[in-house]
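>>> coords below, sequence missing:
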């Protein structure tokens, strides 16, 4: 989702209502922040971004989990012990939205929504054992770190 799109309070309240959730100021603020940021964010990043709103850390964490459970956010566990949350533009929680790239040096996570690639499993019983892919993560060195 482009970062130049700004979602207003009425939009957030409508999304929450459609999801069967009450509109609280914390839910509206967290939903708007992640939808506008257009990238995954950790609990700490959301807390820092909303620091002037006077929500405590536990409230923000609880809201992140509630909105993820409601299918509005994806929970990304990228293997670095930091859980990130991302606004879902798709209504299906099992639908792959886009892959992510994580720099192994600085930890920055980038959405690869403008990239395309194809993953083709082999035919036969190995394909059936794989199941459904719901998340793709590529790791490497970002442009900034590889120049350093």
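Yes, it's here. What you see is a predicted model, and the numbers here were worked out from it, not measured in a lab.
>>> And the strands in the chain?
Ranges of strands in the chain, per DSSP state E, are 41-42, 73-77, 83-87, 100-103, 109-111, 137-140.
>>> need those in a markdown table with mean pLDDT, mean neighbour count and distance to residue 35, can you?
For every residue, glycine as well, the C-beta is placed using N, CA and C. Listed next are the strands of the chain as a markdown table, based on pLDDT from 0 to 100; neighbours: other C-beta atoms under 10 Å; distance: least, C-beta to C-beta, whole Å:
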| stretch | mean pLDDT | mean neighbour count | distance to residue 35 |
| --- | --- | --- | --- |
| strand 41-42 | 92 | 20 | 11 |
| strand 73-77 | 84 | 18 | 10 |
| strand 83-87 | 89 | 22 | 4 |
| strand 100-103 | 79 | 19 | 17 |
| strand 109-111 | 77 | 17 | 13 |
| strand 137-140 | 78 | 12 | 22 |
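>>> Which among those is found nearest to residue 7?
Shortest distance between residue 7 and the strands of the chain, using C-beta to C-beta, is found for strand 83-87: 9.1 Å.
>>> Remind me what the closest one packs against, helices and strands.
helix 25-37, strand 41-42, helix 43-49, helix 57-69, strand 73-77 (3 or more C-beta pairs under 8 Å, 6 or more residues apart in numbering; DSSP states H and E).
>>> neighbouring strands for the last one, and are they parallel or not?
The partner list of strand 73-77 in its sheet, established with DSSP bridges, is strand 83-87 (antiparallel).
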